[in-house]
Structure formats: structure tokens, C-alpha cells
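> here is my input; please provide its structure:
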Amino acid sequence: MTALTGTGPLLRFALRRDRVLIPVWTAVNTVMVLSMPATLKGLYGTPADRADLLRQVETNSSLRALIGPVLDDSLGALTAWRVGVYAAGLAAVASLLIVVRHTRDEEESGRQELIASGTVGRRASLTAALLAAGVANAVLALLVTAGLAAQGAAGAVAFGLGLAGVGMLFATTAALAAQLTQSARAARGLTAAVLGAAFVLRAAGDASTDDGSSALTWLSPLGWLENLRAFADERWWVLGLLAAAIAAQGALAYGLAGRRDVGMSFLPTRPGPAAGRLRTAAALAWRLQRGAVLGWSAGFFLAGVVYGGLTEGAADLLGDNAKAREIFERMGGRSGLTDAFLASMTGMLGMIGALYVVASVLRLHGEETSGRAEPVLANAVGRLRWAAGHLTIAFGGAALIMLLAGLGFTAGYGKDAGPILAACLVQLPAVWLVGGLTVLLYGTAPRLAPAAWGVAGACLLIGWIGPALDAPQTVLDLSPFGHLPKLPGADMRWTPVLTLLAAAALLVTAGLTALRRRDMTSS
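Numbers count the residues shown, from 1 in each chain. Got it, this is the predicted structure:
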């Protein structure tokens, strides 16, 4: 038996388990990328419009920090500029989730020990996880390349391979983190921290130069994608840099995987807190989720600061571009360009906040399937008390991150604290509705609970891409965020807010009722 024996069956099993995750994340990423050329053609249809955009980006360091520099005025280059960083970020997140799920998650739940008792090599599970991530990134690369081929074949190939390369780079980062840490939560957190650091380094570098040449930009894998210069005299050798980093991290992960026992790690696990600090189910839930809450809180505050700093220059950036103004007005209302910009950005953060609440609620599912919920419930802790602890973190944490986003906007913008805070907090009914649907799925059909990721992704796709594609209002209304008042600037409408709150409460109640009545599972 070799170290890779059993890789094929494990790969098929991984792809079957990810039959929802991979298609949803790939579809969202692909649609986001392929919708851009038509949108940008409507926004900047003439060479003069595109030349004006280049001048605006060159003189706006905040915009470069947020999106990156524009390297050419072709539609392909503008597409790579507008969505490159975010498409690569989505590919990285999907890759790290896939790899950690099929490595450290399996070990933590005890299933890996059962698998290892059969005819399975020591590195088969790691190989299958990386191959599953490779399949997801390969499909993304093929779809993006085919969809952008009309903008230039070479640029399309470079951009597609660049996105896949960044995704696989973070897949190997996750594989390495899975060897170093003893919990799936820590592995995901460590990889996400590396991704966050990559974004910060790229943002700092791009803010200082207008061509991506900063040393800080070159320290970030997201900066490598930028310096690949898709559709702008491609630098093919940058793909070699990505390949070398993937190979180095993969080799290190494989080396470590062969030197440890199943369930063990190379970084020591800190001993648990003293008895008495975890006297309640809510305290345990906070202990388990505090890292995620703190990380999301810091990220939303910093995002608010960045978006707030862009607010003053929003009108200058759009200039007399009627189509761009129309898109922002569809996203944020018609109360004025500055208010529309604030409303659209706070709405965007609200839709991203829905991803947090889904992840936090699904922690219940993870605790149950891993068997960790069983010893808790074997004591004098009812199911509702146990679930309420995690749901308090999920729904209360959503309120916290949106509040901090509002404070960040206020710090970056420098005025109008009250209206901006209201604009952030008014997103909560829609965020909580998505969380309520997740609770319902988990309570009634736990195997379908991960489908809540698709709901949150659909809301993000409708809210982000819908206005740019001039989607009909009936499509925009499919998202709960489409029914919220466009604050600041618009009148406060309590009817949709209260309706969404009531619907969220009803969904949570129904989900908890079903949870109380069904059997618990550990598979």
C-alpha cells in the first residue's frame, strides 16, 4: 500500500459532499466576473470615458487600495481591475473551506480514524482534499476563460489561470494550517488571517503606487494576480511564481502529514479554561465562536473606515457618467449621490454580514455532526438552551459587526454619525431573516443546512450584480435586502422592517421547534 492508496474513492466522496458548495461558489464567482464587461461597456463606452477613469484612479489612493490600479483602458483590463481582487478572494475562501472540511474536520470528528483503518494511504485524504479544490478552481478558470475570450484570448487565459492559481495557493495554505493546528476552527481562522494579511499588504502597496510595483504589493498573492497584468501585456512568468508557491506549500504540508499521528498537530493546544468559567451553554458558545466574532468585527470596522474615506470622492469619481449614477441610485436610492453611495455600501456590508450569520448558525450543525454536542446535552442542558447560546452569538454578533461597520464609516467619513449608524443597523432584519432560514434548515433537515450558503450567496449576487445588469425589480425583490429602506437619505419605512423581523422570528421559532422534536445525529 502506498501513501496515496484510496485517493480516488476519497476524491469522489469529497466531490459528492461538496455538490452544493462547489457549484454555488463557482457560479457566484463566474457570474460576477462575466457580468463586468457588459456593465463596464455601458459605464465607460467611449475612449474618453475610460481615459477619464484611468486619471481618476491614478489620483485616488483610497480607490486603488480598495480595488487596485487600472493598467489598461480595454474592457478586459477594466474587468480584471474591477473584480480581480474580489474574485480571487472568493476563490481563496472556497478553497480553504474545501480543504479544511476534508482534512482537519474529518480528523476532529473521528471519521478520519475510521477511514484510516481501511486500505487508505497516509496522504490520501490530503491529496483528495487538494484535488477537490483543484477541480473547483479548474472549473472556475475554464468558465472565466471561455466567458472573457471575446475580450482577448491571451488575457482571458491569464486571468482564468491567475484566479485558479490564487485559489490553489490558499488551498495549500489551508492544507498546511490543517497540519499545524488541532481544530478545524483554528485551521480556517489561520488561513483566513493569511488571506486578510494578503489583502492588507496589497491595499497598502496599491495606495502608494499607481502601477502595482510596490514591494508590499509583491508580498501579497493578490498582488501577484494584479501584476500578472491580464489584458495588459501579460507577464506570464508570474504564473510560475504562483506555481512555485503552491508547490512549496504543498510539499511542506505533505511532509508534515507524514510525520504526525491522526488527530495530532504540530502547534500545541492550550489547556481549556478552569472549571467555573464555562458554567452555561452560552459561555461555551462564546468560547467556541469568540475568535470568529472578533475577526469579523475588526474586518467590518476597517471596511467601514475604507468605504467612509471613499465617500467624499464618490461624486468626483463618477463625474458626469449618467449610467454609473443610475447604478448607484438603484443600489442606494435617489436621494443624492453621496447618500446613494453610503446606502449601497452599507447594503453591501449587510449582505456580507449574512455570510457571518450563516457560518455562526451552522456551528450548531458542526457541533452536532462531530459528536461534541452529545456530552453537553447529556448533562442538565436542554436542546433549546444549547442552541440559544449559539444563536445569541450569531444574531447578536451580526448586530455588533454592523454597529462597528457604522462606527468605521463615521470615522472614515467624519460626519453624520446618526444617519450612517441607522443605515448599517437597518440591514439587520434582512441579515436575521437569512439567519432564521438557516435555523429552519438546520432544525428540520440538517443535511440541507449547508444550502443556506447558497441563499446568502444569492442575496449577495442579486444585490451586487443585479443593479449593474439592470435586472427587473421583481428579481431584486427576491432578496430580503431589496425591501429595506435606502438609508441615509430615504424616508424610514417601518412596514418592511417589521415584516422581515417577524418573518425571522417565525423561522427561528419553527427551526427550534423542529430541533426539539427530531433525533440528534453524529454523522
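
> CA atoms for contacts and neighbours, from now on please.
OK.

> what's the following helix or strand after the helix or strand harbouring residue 166?
When secondary structure is defined using DSSP states H and E, the element that contains residue 166 is helix 153-180. Using DSSP H and E, the helix or strand that follows helix 153-180 towards the C-terminus is helix 184-208.

> next, the buried residues of that next one.
When neighbours are counted by 16 or more other Cα atoms under 10 Å, the buried residues of helix 184-208 are found to be 184-192, 194-195, 198-208.

> again, but for stretch 142-151
Judged by neighbour count (16+ other Cα under 10 Å), stretch 142-151 contains these buried residues: 142, 143, 144, 145, 147, 148, 151.

> what is the nearest of those to residue 50?
Ranked by distance to residue 50 (Cα to Cα), the buried residues of stretch 142-151 are led by residue 151 at 15.5 Å.

> state the pLDDT value of the nearest residue to that closest one once chain neighbours are set aside.
In space, and not counting its chain neighbours, residue 151 is closest to residue 76: 5.3 Å by Cα to Cα, 6 or more residues apart in numbering. The predicted local confidence for residue 76 comes out at a pLDDT of 90.

> ok, now residue 507?
You'll see residue 507 listed with a pLDDT of 95.

> how about the CA coordinates for the helix or strand hosting it, as PDB?
Residue 507 is located in helix 494-517, with elements delineated by DSSP H and E. Listed in PDB are the C-alpha atoms of helix 494-517, where the atom choice follows Å, rounded to 0.1, in the frame of the first residue of the first chain:
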ATOM      1  CA  TRP A 494     -41.200  50.600   9.200                       C
ATOM      2  CA  THR A 495     -43.500  48.100   7.500                       C
ATOM      3  CA  PRO A 496     -40.900  46.100   5.600                       C
ATOM      4  CA  VAL A 497     -38.500  46.300   8.500                       C
ATOM      5  CA  LEU A 498     -41.100  44.900  11.000                       C
ATOM      6  CA  THR A 499     -42.300  42.300   8.400                       C
ATOM      7  CA  LEU A 500     -38.800  41.000   8.000                       C
ATOM      8  CA  LEU A 501     -38.200  40.900  11.700                       C
ATOM      9  CA  ALA A 502     -41.500  39.000  12.200                       C
ATOM     10  CA  ALA A 503     -40.500  36.500   9.500                       C
ATOM     11  CA  ALA A 504     -37.100  36.000  11.000                       C
ATOM     12  CA  ALA A 505     -38.600  35.300  14.400                       C
ATOM     13  CA  LEU A 506     -41.100  32.900  12.900                       C
ATOM     14  CA  LEU A 507     -38.300  31.000  11.100                       C
ATOM     15  CA  VAL A 508     -36.200  30.700  14.200                       C
ATOM     16  CA  THR A 509     -39.200  29.500  16.300                       C
ATOM     17  CA  ALA A 510     -40.100  26.900  13.700                       C
ATOM     18  CA  GLY A 511     -36.500  25.700  13.400                       C
ATOM     19  CA  LEU A 512     -36.100  25.400  17.200                       C
ATOM     20  CA  THR A 513     -39.400  23.500  17.500                       C
ATOM     21  CA  ALA A 514     -38.200  21.000  14.900                       C
ATOM     22  CA  LEU A 515     -34.800  20.700  16.600                       C
ATOM     23  CA  ARG A 516     -36.500  19.900  19.800                       C
ATOM     24  CA  ARG A 517     -38.500  17.100  18.200                       C
END
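
> please report phi then psi for the residue nearest to residue 151.
Recorded main-chain torsions at residue 76 are phi -60, psi -50, according to degrees, to the nearest 10.
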